[in-house]
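[1] return atomic coordinates for the entry below.
(chains A, B, C and D)
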Number of protein chains: 4
Amino acid sequence: MISIGLLGCGRIGQVHARSIARLQGARLTAVADAVPAAAEALAETSGADIRQADAIIAAPDIDAIIIATPTSLHFDQIHAAAAAGKAIFCEKPIDLSSDRAAQCAAVVTTSGVPFFTAFNRRFDPGFSRLRSELADGAIGNVEMVIITSRDPSPPPVSYIKQSGGLFRDMMIHDFDMARFLLGEEPVSVHAVGSCLVDPTIGAAGDVDTAAVTLTTASGKICIINNSRRATYGYDQRVEVHGAAGMLRAANHLEHTVERAGADGFTSAPNKHFFLERYEAAYLAEMEAFLNAVSSGGTPSPSIQDGVAAQRIADAAALSLAEGRTVSL
Amino acid sequence: MISIGLLGCGRIGQVHARSIARLQGARLTAVADAVPAAAEALAETSGADIRQADAIIAAPDIDAIIIATPTSLHFDQIHAAAAAGKAIFCEKPIDLSSDRAAQCAAVVTTSGVPFFTAFNRRFDPGFSRLRSELADGAIGNVEMVIITSRDPSPPPVSYIKQSGGLFRDMMIHDFDMARFLLGEEPVSVHAVGSCLVDPTIGAAGDVDTAAVTLTTASGKICIINNSRRATYGYDQRVEVHGAAGMLRAANHLEHTVERAGADGFTSAPNKHFFLERYEAAYLAEMEAFLNAVSSGGTPSPSIQDGVAAQRIADAAALSLAEGRTVSL
Amino acid sequence: MISIGLLGCGRIGQVHARSIARLQGARLTAVADAVPAAAEALAETSGADIRQADAIIAAPDIDAIIIATPTSLHFDQIHAAAAAGKAIFCEKPIDLSSDRAAQCAAVVTTSGVPFFTAFNRRFDPGFSRLRSELADGAIGNVEMVIITSRDPSPPPVSYIKQSGGLFRDMMIHDFDMARFLLGEEPVSVHAVGSCLVDPTIGAAGDVDTAAVTLTTASGKICIINNSRRATYGYDQRVEVHGAAGMLRAANHLEHTVERAGADGFTSAPNKHFFLERYEAAYLAEMEAFLNAVSSGGTPSPSIQDGVAAQRIADAAALSLAEGRTVSL
Amino acid sequence: MISIGLLGCGRIGQVHARSIARLQGARLTAVADAVPAAAEALAETSGADIRQADAIIAAPDIDAIIIATPTSLHFDQIHAAAAAGKAIFCEKPIDLSSDRAAQCAAVVTTSGVPFFTAFNRRFDPGFSRLRSELADGAIGNVEMVIITSRDPSPPPVSYIKQSGGLFRDMMIHDFDMARFLLGEEPVSVHAVGSCLVDPTIGAAGDVDTAAVTLTTASGKICIINNSRRATYGYDQRVEVHGAAGMLRAANHLEHTVERAGADGFTSAPNKHFFLERYEAAYLAEMEAFLNAVSSGGTPSPSIQDGVAAQRIADAAALSLAEGRTVSL
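    The predicted structure is shown next:
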């Protein structure tokens, strides 16, 4: 039985608490949040203790730490948890600064603690299966990856001001997916972007509509497109074209009912946003983390995977700012 | 070059004239219609002569007769054309009376003229391919056939009063499709029906919504459902379930554009009605007829196929009237 | 907190135990099974006590009884639980004999205990939504309901010998769905059936392929088709045609990945069988039962719903045996 | 009746001859080809005269010229036809050199003759309808256009050596589609490309896999991807994301039959290549040309549209060669 301490009882922390409740072999022992009411609410539904974050990290009855706090706290919490020898499950990004994230990676590696970067999409049943089929050679050599990722509506501009912008808070998931599917590291990044959805995002110095092209050393190409708004729900699609065919993972619809009438055949919109769409992925990523911890294996995605995606995000931001292709 | 005389210049006669114009190896030599303007219009666009129907049947410069006249004229025209030794392409039904249709079949058989019953749906590329796949064993032994056939809107009640009713003017196509796909003759027929769409149809003694179950000697089952009205266009689907899988032929949509919005994903309605939906089938059935005539082969579907479908329609009408299963 | 006693720790009993664990407001207090190992296994994973069935029914610390035992035990257990004033959640069928099931209904009604007949499919998110859309008038007056229900593979013939046969163990779900969607009681039943899948089923006196037509007093028609085998997984579809359009609830595929190659575009087969396909429905039906119990409402589907579906199954069996339409 | 002279009796010339035969208001009067057998074959099936190309251009009985000759001949034939006052239907590209193409445009404009650049895809019923829906505001302001265009198999390298390469012979259609759908001129072009399909293409200095990103002055983004090989047939898709939703035009499948089995649900591959896929578009483009000529209107797409697409192709080739974004 793995004893878990959860740092951060916000929306995503609650998701992880529910996952733990549904899985065998782990229990949520303690939770912490800077907002007492948040910690209390989650303690109530989960049966966990409320403690201070530092105390949880140091506690001898805790085996693993889930870091679901604001990004600015990750650096210190990772260092402390690594020093305490705890297994770490950390939300992305590791740190807004890739260099500081790399420092975390060095510390984690030295300490030898298991570290899991929570790129939940790798655990989506569709994307996960698509990658398995790639690995089984279903379409031969991968030649082109096309990733479409559109949110239902833009976040408040206050969020964007501290998130690092579209490439670092949103497309970072797609950069990880690109690495996951390409099977090679990108060597060049080219980004374009516009503010078409919400002028306050542009005023804050960010874009809300963007496309990035990655290439690898062997000539594979990946195209990613993002929008902060899609009226038909959360749009999360992957297409991989290879020497022997194409694989696609479809969107998840809200329901299975189709209506036919004079306007044609109408099926449901996409599931609204990430909590609904990636419900199975959140459960599966926690299961993967727990399996790695209990078996003594190395969790994947690793902290190096987290750093690598951030390096691509930095390059994309630079490409957009300077209007040029950036080499990695 | 097969020289063709066309009897009847209405909507379906015009379809056949266009098919002939698009095919090699045949020309439309003469047309006839009781309404002079109809004959003149088709003569104008096709370049054919206008003659009397009797004269066309008797003419030495005519090889084949297309009978696209009102059903009440078919009997005499078939007899005359068979006597004149012409190849015959005849719209269904052969005659409203199955017994009179059988008399036609006897005369045609005795005369030895090629005869083609215009069950156009057999030549729909989807249905035709589905049957080829059945014949190739794609799903093993056929166990169940499900046919859905719904018109976009009901015909005028004046039409129904002389058409023989839903089973004889509409579901007859589905009875032929059932025979085409089952590969066995039905031995029992059970029909239910209601007037739900248009009360004037009920007042005229007919139903506008119906379901028929057929069984064959080996235990295969066919279910057919009809409605005189479908708000989403002409609904023409076939599903065959077999020992090793299922085959389905999908509807034809008006266009390929899909729109996504807050209501979900909307694709086009079905093509509106038979002229649009079966455009390719009309061309292919004429090509099949001409090929049979020019090669000396036996056209298919035959006049016996036409009679057989009418016998099932008669049985369905009897089943509905008496509320019992009818044996064939 | 509703305290629950579970009678029967087989496959479906385990499903219900998992549902209770995932829901708020209820706990599984005690379990019973004639096979000690089965009770022990479920007690182990659920934390419930092991007791005798009779003791559970009588226990003052138990509020509600889940009857998931063999059908032959239902009659006595329903009587005992009703006498003890417990809320009852009962697997279908109530009893193999509709008359004995009706006796149960009378006793339950007299006792006033809440009773829930576990027609899980009503709680499938697709079917449930489809019915809501019907109720909202999405397609106007219902005219035709088409239900397709095919199992992936036939059960052992030993099961069929005690199950009451296809109409009573399999199509009974579809009869309930028909009542659920028609919004009217069937007044006539016509059945055809064959043994095409497994000759030992025929030797045991049953069919494995069947089609039933129901009609209602207002002329609505329902067509149901069943097969004991579908190579592409559990096939569970509903289509409703109405005055203003059509609604369909689609199958659930195993995954969302589509592969394109020289053979075309291939998507996943259906989820294999009921445990996978109706996972959400099993959870939702238990939630509905618990909500009714805790709110003092009347559970639905009721025991009368259970009896009504069995009456239709009896009529279908009679129709098949006698080759005639049976009135209800 | 518009009298047409056809220069070039190869594959695409034959397509145009068939289109003319199916349309009202035009006749194919004369054909020319450097290969006598090609001209003879088409004269035989179409009933047209065989003449020399120069004679056709000069002939007083010819109203319109279709230029379907090798690209190297276009320049002189356009000049001659413009001088002769003939309406011109010209296959793309106008000339391999954009500057020479611009010279043609200047001459055509001065002469005032109607000129139609044969970008057939604009007349595909799906793409054409999609643009109409855009114009009707179906999804509000266009924000992103994604064009996928993959051939079933690469052409012989001999073709590529004289075609101008992927951007000029293949993606040029997509550049025109981008302009057609964006409703604004691209102002920047960024291309990446690889040789992954056929090494002899790389040896000839070209790529066979490529992605291009275009941006417009208002910030709209277009992403185009091309491959010279797709095992599942000719892949021709367009997706447009806008402020109020998304529009997509789907591929055309070879047939409508779907097969279900243990592997899942398989539908047909795409139609093999352009002759099948764009059959309706070829007919519609000829109809549009003839309508413009007979009504005295200005054909569209114009020669300026042809030049504009070539300018983008030039910029894409330069972008790839120099690894940088090119401004237009």
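[2] can you give me the neighbour number for the nearest residue to residue A:53 once chain neighbours are set aside?
    Here the nearest residue to residue A:53 in space, its sequence neighbours aside, is residue A:32; by Cβ to Cβ, 6 or more residues apart in numbering or on different chains that works out to 4.1 Å. All C-beta spots, glycine's among them, are computed from the backbone N, C-alpha and C. By other Cβ atoms under 10 Å in any protein chain shown, the residues close to residue A:32 number 26.
[3] isn't residue A:32 up against residue A:13?
    No - applying Cβ atoms under 8 Å as the test, residue A:32 and residue A:13 come out as separate, 9.5 Å apart.
[4] hey, what's in contact with both of these two?
    A:6-7 (Cβ atoms under 8 Å, 6 or more residues apart in numbering or on different chains).
[5] flag every buried residue along stretch A:60-69.
    Buried residues in stretch A:60-69, counted by 16 or more other Cβ atoms under 10 Å in any protein chain shown: A:62-69.
[6] now stretch A:97-114
    Using 16+ other Cβ under 10 Å as the test for burial, stretch A:97-114 gives A:98, A:100-105, A:107-108, A:111, A:113-114.
[7] same check, this time on stretch A:24-44
    Judged by neighbour count using 16+ other Cβ under 10 Å, the buried positions of stretch A:24-44 are A:26, A:28-33, A:38-39, A:42-43.
[8] nearest to residue B:307 among the residues you listed?
    Nearest to residue B:307 among the buried residues of stretch A:24-44: residue A:26, at 73.4 Å, using Cβ to Cβ.
[9] report the contact partners of the closest residue to that closest one other than its chain neighbours.
    Closest residue in space to residue A:26, ignoring its immediate chain neighbours: residue A:2 at 4.3 Å, by Cβ to Cβ, 6+ apart. By Cβ under 8 Å, 6+ apart, the contact set of residue A:2 is A:25-27, A:63-64, A:87, A:290, A:293-294.
[10] which of those fall within helices?
    Within the contacts of residue A:2, residues falling in helices by DSSP state H are A:290, A:293-294.
[11] can I get the buried residues of stretch A:24-44 in JSON lines with secondary structure?
    Formatted as JSON lines, these follow (DSSP: H, G, I helix; E, B strand; the rest coil):
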{"residue": "A:26", "secondary structure": "strand"}
{"residue": "A:28", "secondary structure": "strand"}
{"residue": "A:29", "secondary structure": "strand"}
{"residue": "A:30", "secondary structure": "strand"}
{"residue": "A:31", "secondary structure": "strand"}
{"residue": "A:32", "secondary structure": "strand"}
{"residue": "A:33", "secondary structure": "coil"}
{"residue": "A:38", "secondary structure": "helix"}
{"residue": "A:39", "secondary structure": "helix"}
{"residue": "A:42", "secondary structure": "helix"}
{"residue": "A:43", "secondary structure": "helix"}
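[12] can I get those residues in a markdown table with distance to residue A:20?
    Below are those laid out as a markdown table (distance: Cβ to Cβ, whole Å):
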| residue | distance to residue A:20 |
| --- | --- |
| A:26 | 5 |
| A:28 | 5 |
| A:29 | 10 |
| A:30 | 12 |
| A:31 | 11 |
| A:32 | 15 |
| A:33 | 16 |
| A:38 | 17 |
| A:39 | 16 |
| A:42 | 11 |
| A:43 | 13 |
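[13] what about the residue nearest to residue A:278 when sequence neighbours are not counted, how many neighbours?
    Using Cβ to Cβ, 6+ apart and skipping the chain neighbours, the partner closest in space to residue A:278 is residue A:120 (5.3 Å). Residues within reach of residue A:120, counting by other Cβ under 10 Å, total 25.
[14] now residue A:204
    Here the number of neighbours of residue A:204 (other Cβ under 10 Å) works out to 15.
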